[in-house]
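*Asks:* structure, please.
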Amino acid sequence: MKRKLHRRFRPREFKSQKSTYLVITETYLIPLIVIFLALASSFLVFKSNLFAVTQIDCQRDGGVCHNDFILAELVKYRQKNIFLFPKAELKQRLLQGDKTLTAVKFTFHLPHQLTVLLTSTTPKVALRLNSANNQFILIDQNFRPTSLVDNPNHLPILTTTQTYHLQLGQTIQNSNLKQALIAAIEFHQNLANQPFKLKLAGQDLYLYLPQKHIQVRLTTQKSLASQLNLLRVVLSDVKMLEAERVRSIDVRFGQPVLKSY
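*Replies:* Below you'll find the model as predicted:
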């Protein structure tokens, strides 16, 4: 008896095939889209006005900037891209143009704001202005006005009965005013273990010592060093000051003139 032969059928295997469209998409279109998005993003970030600096705030020693040179320089850098902003260039221009500056810092606030923080040379005297807002001009050791402030922060205060035309960053030329500033700096460095105020009236300089209730009179027309040395001798004799109840000391002459009224 013949055996029946059974043919075994194997299931046909179906292999997936990529369409031509899909191959083109993966090979060309997707990279092109990525490149396009990158270029578009770069354009928006670096070339468009979206991140252009349109607002520049300037602060100097904690107050608002008033220097005309600095404000004019900052205007030139408006519309610069915030990511490509030439910080080193602007810093160099400001430091070279205003010798009263010691530090320049930048703070950026997206999308278009820049804050410039300036630090002046160390102020030595606060010159009080006869203005409605009672501001002070800070003066450095080279007799240059550095900034305008509302609070002198324990600096010697010099008031004057005259009006002077001063420019920030420019050395003071008036001889009387310069002598008064020298007296304030010298007294503060060598004699001031107490608060004091000065007033310049013409050629006379009045020094007030609130703790001792004493007024000292000097002149800008004679050697300030000799007058301050004479004052140092008088103030060192505490017993004499208390016994005589001295309220006024005049050191404009070769010998001090002491008054109890």
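*Asks:* make it CA atoms for all contacts and neighbour counts henceforth
*Replies:* Fine.
*Asks:* would you map the strands across the stretch 151-261 of the chain?
*Replies:* With strands called from DSSP state E, counting those that start in this stretch, the stretch 151-261 of the chain shows them at 157-160, 197-201, 204-209, 214-219, 248-250, 257-259.
*Asks:* show me what the last one is packed against.
*Replies:* This means strand 257-259. With contacts defined as 3 or more CA pairs under 8 Å, 6 or more residues apart in numbering; DSSP states H and E, the packing partners of strand 257-259 are strand 248-250.
*Asks:* in the protein, which spans are helices?
*Replies:* For the chain, the helices defined by DSSP state H occupy 20-24, 30-42, 68-76, 87-97, 175-190, 224-236, 238-244.
*Asks:* domains in the protein, by residue range?
*Replies:* Residue ranges for the domains of the chain, per automatic domain parsing: 50-120, 123-259.
*Asks:* quick one: residues contacting residue 243.
*Replies:* If you count contacts by CA atoms under 8 Å, 6 or more residues apart in numbering, residue 243 has none.
*Asks:* how close does it get to residue 208?
*Replies:* Residue 243 is 20 Å from residue 208, where distance means CA to CA, to the nearest Å.
*Asks:* with respect to residue 145, which of the strands of the stretch 151-261 of the chain lies nearest?
*Replies:* strand 157-160 (13.1 Å; CA to CA).
*Asks:* the closest one: partners in the sheet, and parallel or antiparallel?
*Replies:* Partners of strand 157-160 in the sheet, by DSSP bridges, are strand 123-128 (parallel), strand 197-201 (parallel).
*Asks:* check which residues of stretch 209-223 are buried.
*Replies:* Buried residues in stretch 209-223, defined by neighbour count with 16 or more other CA atoms under 10 Å: 209, 214, 215, 216, 217, 218, 219, 220.
*Asks:* tell me the contacts of the last one?
*Replies:* Residue 220 makes contact with 176, 179, 180, 203, 204, 205 under the criterion CA under 8 Å, 6+ apart.
*Asks:* show me the two of the residues you listed that sit farthest apart.
*Replies:* Pairwise distances among these were taken by CA to CA; the largest, 10.4 Å, belongs to 179 and 204.
*Asks:* is residue 135 in contact with residue 157, as I believe?
*Replies:* No: using CA atoms under 8 Å, residue 135 is not in contact with residue 157, being 11.4 Å away.
*Asks:* between those two, which contacts overlap?
*Replies:* Listed as contacting both residue 135 and residue 157 by CA under 8 Å, 6+ apart are residue 128.
*Asks:* which of these two has more neighbours?
*Replies:* residue 157 (22 against 17; other CA atoms under 10 Å).
*Asks:* my read is that that one contacts residue 198, right?
*Replies:* Yes: using CA under 8 Å, residue 157 makes contact with residue 198 at a distance of 6.2 Å.
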